[in-house]
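Novice: Fold the stuff below for me.
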Amino acid sequence: MSPVSPVSTQALARLRAYLPPASIYTSLPLTRRAAVLVLLFSDRRGDLRVVLTVRSVHLRTFAGQVALPGGKADFLSETAAQTARREAWEEIGLPLDSQGGLPKPFDVEHLCELPCSLARTGLAVRPCVAYLDGGKGDVEDSLIPRLQETEVASLFTVKLEPFLKRAYPIPGGAAEETWYRGGKTMWVHRPWTIHEFNAPVWEGSTLKRHRIWGMTARILVDVARVAYGRDPEFPFDQELGFEEAMREMEKKGEMKEIVKKKPDPELEPDKVAAQVEKGNL
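Specialist: This is a model prediction of the structure:
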């Protein structure tokens with residue numbers, strides 16, 4: 001059985017107790033809605049880890065980048081949590097109740113939702129935080145992901161708490177100096193702090209590093225802030241998510257329905273495919 005350390009127990013309690021402010025999410029058109037699943041579990045040391053994916057290099061957007069399982073909403077009636085769980089089922093094979101659920105004693109507990117972040121594609125992305133409880137089982141050894149190869153190249157996990165630290169604590173400290181770096185950028189006419197982490201992941205006897213940056217990095221910093229109840233060791237923005245800026249955008253008419261062009265019936269099939277690949281259709 002994987003233990004849950006006192007620190008992790010307190011972190012889970014804070015996430016359960018977190019009440020986000022009213023969100024812009026449900027006022028947005030369907031084409032602007034997306035959600036990601038921040039799936040946590042306890043490792044053999046009792047520390048919380050988060051599940052991350054490496055996107056396929058063949059995808060039209062964010063190819064080859066590290067991301068949380070997630071995607072666009074299918075229906076206006078679909079909640080952010082339902083979207084996140086459905087996408088996790090499709091991408092990494094995390095069973096839904098409608099698919100028979102997880103094998104006993106495993107269970108997924110929905111902990112909370114955080115304010116939306118804004119993707120470069122203009123989508124409002126709602127982070128949904130959940131805990132994968134192994135009961136008497138070992139999550140790391142017992143659950144084998146089923147990856148959707150057209151979207152997900154690989155999957156890995158990393159500790160959650162170091163998303164508040166400048167160094168990632170691993171035996172020998174081999175990756176500590178390369179863990180974090182940050183800076184400033186202008187995003188939607190406002191200055192924002194950007195974070196970049198290089199996650200140390202053992203693949204067999206080889207230590208590799210996966211670059212976690214952009215919106216995914218910001219979401220993980222926000223989740224860690226709520227979970228552990230303290231500020232990061234590096235500069236950060238006080239606001240969780242990006243909703244204040246999105247409300248300003250909504251007032252200016254910048255969060256309307258995303259309408260894609262219909263293909264010209266005279267266009268040759270190979271040219272239609274090229275326009276779809278570019279995201280124009």
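Novice: can you give me the helices in the stretch 51-200 of the chain?
Specialist: Using DSSP state H, counting those that start in this stretch, the helices of the stretch 51-200 of the chain run over 80-92, 139-142.
Novice: so which of those comes closest to A217?
Specialist: Closest to A217 of the helices of the stretch 51-200 of the chain is helix 80-92 (C-beta to C-beta; 18.1 Å). No exception for glycine: its C-beta is placed from N, CA and C like everyone else's.
Novice: okay, the helices of the stretch 51-200 of the chain, which one's buried deepest?
Specialist: Among these, ranked by average contacts under mean count of other C-beta atoms under 10 Å, first place goes to helix 80-92 (a mean of 22).
Novice: Tell me which other helices or strands it touches.
Specialist: In this structure, helix 80-92 makes packing contacts with strand 33-42, strand 48-55, strand 70-72, strand 107-113, strand 124-133, strand 152-159, judged by 3 or more C-beta pairs under 8 Å, 6 or more residues apart in numbering; DSSP states H and E.
Novice: who does the first one pair up with?
Specialist: I take that to be strand 33-42. If you go by DSSP bridges, strand 33-42 pairs up with strand 48-55 (antiparallel), strand 70-72 (antiparallel), strand 124-133 (parallel).
Novice: Mean neighbour count, mean pLDDT and distance to P169 for these - can I get that in JSON lines?
Specialist: Formatted as JSON lines, the strands paired with strand 33-42 follow (neighbours: other C-beta atoms under 10 Å; pLDDT from 0 to 100; distance: least, C-beta to C-beta, whole Å):
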{"stretch": "strand 48-55", "mean neighbour count": "22", "mean pLDDT": "92", "distance to P169": "13"}
{"stretch": "strand 70-72", "mean neighbour count": "21", "mean pLDDT": "95", "distance to P169": "28"}
{"stretch": "strand 124-133", "mean neighbour count": "24", "mean pLDDT": "96", "distance to P169": "22"}
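Novice: one step back: out of the helices and strands packed on helix 80-92, which is closest to Q238?
Specialist: strand 124-133 (17.1 Å).
Novice: Give me the distance between that closest one and the centre of its chain.
Specialist: Using C-alpha atoms, centre = their mean, to the nearest Å, the mean C-alpha position of strand 124-133 is found 8 Å from that of the whole chain.
Novice: Run the angle between the lengthiest strand in the chain and strand 48-55 for me.
Specialist: Criterion DSSP state E: the longest strand present in the chain is strand 190-203. Using axes from the mean of the first three to the mean of the last three C-alpha atoms, to 10 degrees, the direction of strand 190-203 lies 90 degrees away from that of strand 48-55.
Novice: list the helices and strands the very next helix or strand once past strand 190-203 packs on?
Specialist: Using DSSP states H and E, the helix or strand that follows strand 190-203 in sequence is strand 206-213. Packed against strand 206-213, as judged by 3+ C-beta pairs under 8 Å, 6+ apart, are the following elements: strand 48-55, strand 66-67, strand 152-159, strand 190-203.
Novice: which residues of the stretch 1-150 of the chain score low on pLDDT?
Specialist: For the stretch 1-150 of the chain, the stretches flagged by pLDDT under 70 are 1-2, 98-101, 135-144.
Novice: What is the neighbour count of the nearest residue to W202 once chain neighbours are set aside?
Specialist: Distance criterion C-beta to C-beta, 6 or more residues apart in numbering; nearest residue to W202, sequence neighbours excluded, is K208 at 7.7 Å. For K208, the neighbour count with other C-beta atoms under 10 Å is 13.
Novice: residues in contact with the residue lying closest to A73 once chain neighbours are set aside?
Specialist: Distance criterion C-beta to C-beta, 6+ apart; nearest residue to A73, sequence neighbours excluded, is R33 at 4.0 Å. Counting by C-beta atoms under 8 Å, 6 or more residues apart in numbering, R33 touches Y25, K72, A73, A80, T83, L123, A124, R126.
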